[in-house]
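Colleague: Got a sequence here, can you build the structure:
(one chain, ligands or ions: 2)
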Amino acid sequence: MQECLFCKIASGAIPSKKVYEDADFFAFEDIAPQAPTHILIIPKKHIPTLNDITEADGPMMGRLMVLASKIARERGLDAKGFRLLANCLEPAGQSVFHLHFHLMGGRVFRWPPG
Ligand code: 5GP
Ligand code: ZN
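Modeller: Ligands and ions are numbered 1, 2, ... in the order given. Below is the predicted model of the structure:
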């Protein structure tokens, strides 16, 4: 999906502050951080939203969670606390339609998020 912003970031066509990369995942700093740590974690596979994941994506999604936990630990957030979230569709705040998880930490978060 070459017109997709996050596909372009994952391929390196658009520069980003890379945090992690392997064959299946890419993680990078959010361009407009909402917390001292604000990292986006994406599958390289173009999946528009959480509505579009299938049973076959299950193992990959599980590995994405393990990766998020690992990055949080590397950033020292495991003890401080962090938030991991995905917005699904515009009413929930999704603005880029390539599945991504926000890993945020370094400040206190309110609940509900509003
Ligand atoms: P969403 O609103 O879809 O849940 O999250 C999209 C996120 O992508 C936002 O937090 C926004 O700041 C970030 N973002 C949008 N465009 C870019 C970009 O070109 N580079 C980076 N690094 N982040 C971006
Ligand atoms: Zn994409």
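Colleague: Provide the secondary structure category for A79.
Modeller: Per DSSP: H, G, I helix; E, B strand; the rest coil, the local secondary structure of A79 is helix.
Colleague: can you tell me how far it sits from R73?
Modeller: Separation of A79 from R73 (Cβ to Cβ, to the nearest Å): 9 Å. (Each C-beta comes from the backbone N, C-alpha and C, glycine too.)
Colleague: Pull the number of nearby residues for the closest residue in space to L89 that isn't next to it in sequence.
Modeller: Closest residue to L89 in three dimensions, ignoring its sequence neighbours and counting by Cβ to Cβ, 6 or more residues apart in numbering: T49, at 6.3 Å. Per other Cβ atoms under 10 Å, the neighbour tally for T49 reads 16.
Colleague: What distance do you get for T49 to ligand 1?
Modeller: The span separating T49 from ligand 1 equals 9 Å under the rule Cβ to the nearest ligand atom, to the nearest Å.
Colleague: got a pLDDT number for the closest residue to Q94 other than its chain neighbours?
Modeller: Nearest in space to Q94, with sequence neighbours left out and distances taken as Cβ to Cβ, 6+ apart, is N87 at 4.1 Å. In this model, N87 is scored at 98, pLDDT.
Colleague: How many neighbouring residues does N87 have?
Modeller: Burial of N87 is recorded as 17 neighbouring residues (other Cβ under 10 Å).
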